[in-house]
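Just the structure for this:
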Amino acid sequence: MRLIDTHNHLDFPEFDADRQAVLARCRALGIERQILLGVYRQNWQRIWDLACVEPELYAAFGLHPVYLARHSAADLDDLGDWLRRLRGQGKLCAVGEFGLDYYLTELDRERQQALFEAQLRLAAEVELPVLLHVRRAHAPTVAALKRVRPPRAGIVHAFSGSREEAKEYLRLGFKLGLGGAPTWPQANRLRQVVAQLPLEAVVLETDAPDMTPAMHPGQRNSPEYLPEICGALAALMGIEPDVLAEASTRNVCELFGWR
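Model (predicted):
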């Protein structure tokens with residue numbers, strides 16, 4: 001089974017004690033590539049350094065809405081500088097993680113929207129896919145994507161929307177990132193949506209160290225759990241795990257231009 005984790009945070013301190021051991025276990029399990037997501041200015045260099053020394057790691061840089069209070073206008077300027085400077089280097093694969101979060105009511109929506117659209121425009125300028133965080137904000141996200149239209153589309157990370165919202169993203173050329181959330185039996189509505197998704201829509205992810213799957217309750221999530229997540233989601237979709245793994249890997253490689 002060949003797998004790609006399209007979204008994790010292996011740079012986070014939770015992995016400082018055993019990062020190399022986690023990577024070794026991932027290799028043994030067939031996890032061939034992992035994308036590390038930048039969430040604020042201060043972690044971009046750490047991500048880039050990891051990606052440059054580990055052959056299976058790739059980098060994306062963005063300004064995450066949950067860290068809105070940490071972001072400054074200078075950070076957005078820096079993001080543009082980083083993307084332009086590293087454009088064309090194979091280890092830089094996307095702009096992200098960024099987007100809209102309406103779940104946390106304390107986050108200023110107007111400021112989120114401005115930051116979101118500015119990053120969409122940067123992605124369009126450097127012609128990179130986008131890796132989007134969307135929580136309870138699918139309608140304004142879709143509206144912004146229709147206005148800005150990033151040329152290479154991207155992935156809606158941790159998709160948790162309705163079947164109709166899934167169709168909107170698919171019409172815009174986006175893939176839907178699926179991880180641990182649908183593995184929980186209580187996620188009835190999401191599980192029903194996942195069961196009906198076409199294979200060409202799906203890419204797999206972990207969001208480690210967050211969004212632990214049901215098979216590992218109360219534990220730190222890890223990219224090494226991706227094969228188990230694949231198996232659980234394949235069961236929901238009524239297919240064999242190898243079929244889902246192959247489809248996800250193909251979808252990811254097409255999106256990022258990987259062989």
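
low pLDDT regions in the stretch 101-250 of the chain?
Under the criterion pLDDT under 70, no range of the stretch 101-250 of the chain is flagged.

What segments of it are helices?
For the stretch 101-250 of the chain, the helices defined by DSSP state H, counting those that start in this stretch cover 109-126, 138-148, 163-171, 188-195, 226-237, 241-256.

Tell me which residues are up against the last one.
Same thing as helix 241-256. If you take CB atoms under 8 Å, 6 or more residues apart in numbering as the criterion, helix 241-256 is touched by 1-4, 6, 32-33, 58, 93-94, 129, 152-155, 175, 199-204, 227, 230-231, 233-234, 237, 258-259. In short, each C-beta sits where N, CA and C put it, glycine included.

and the angle for it with helix 226-237?
Angle, helix 241-256 to helix 226-237, by axes from the mean of the first three to the mean of the last three CA atoms, to 10 degrees: 110 degrees.

what about helix 241-256, distance to the chain center?
How far helix 241-256 lies from its chain's middle: 14 Å, per CA atoms, centre = their mean, to the nearest Å.

Can you give me the buried ones in it?
Across helix 241-256, burial judged by 16 or more other CB atoms under 10 Å covers 241, 244, 245, 247, 248, 249, 251, 252, 255, 256.

Of those, just say which sits nearest to residue 109.
Here the nearest of those to residue 109, counting by CB to CB, is residue 255; it sits at 28.7 Å.

The closest one and residue 212, how far apart?
26 Å (CB to CB, to the nearest Å).

Also residue 112?
Taking CB to CB, one finds residue 112 at 26 Å from residue 212.

Check residue 45 too.
For residue 45, the distance to residue 212 equals 27 Å [CB to CB].

Same question for residue 27.
With CB to CB as the criterion, residue 27 and residue 212 are 21 Å apart.

Looking at the two, which has the bigger crowd around it?
residue 212 (22 against 13; other CB atoms under 10 Å).

Who's the closest spatial neighbour of that one, skipping the chain neighbours?
Once flanking residues are discounted, residue 212 sits nearest to residue 221: 4.1 Å by CB to CB, 6 or more residues apart in numbering.
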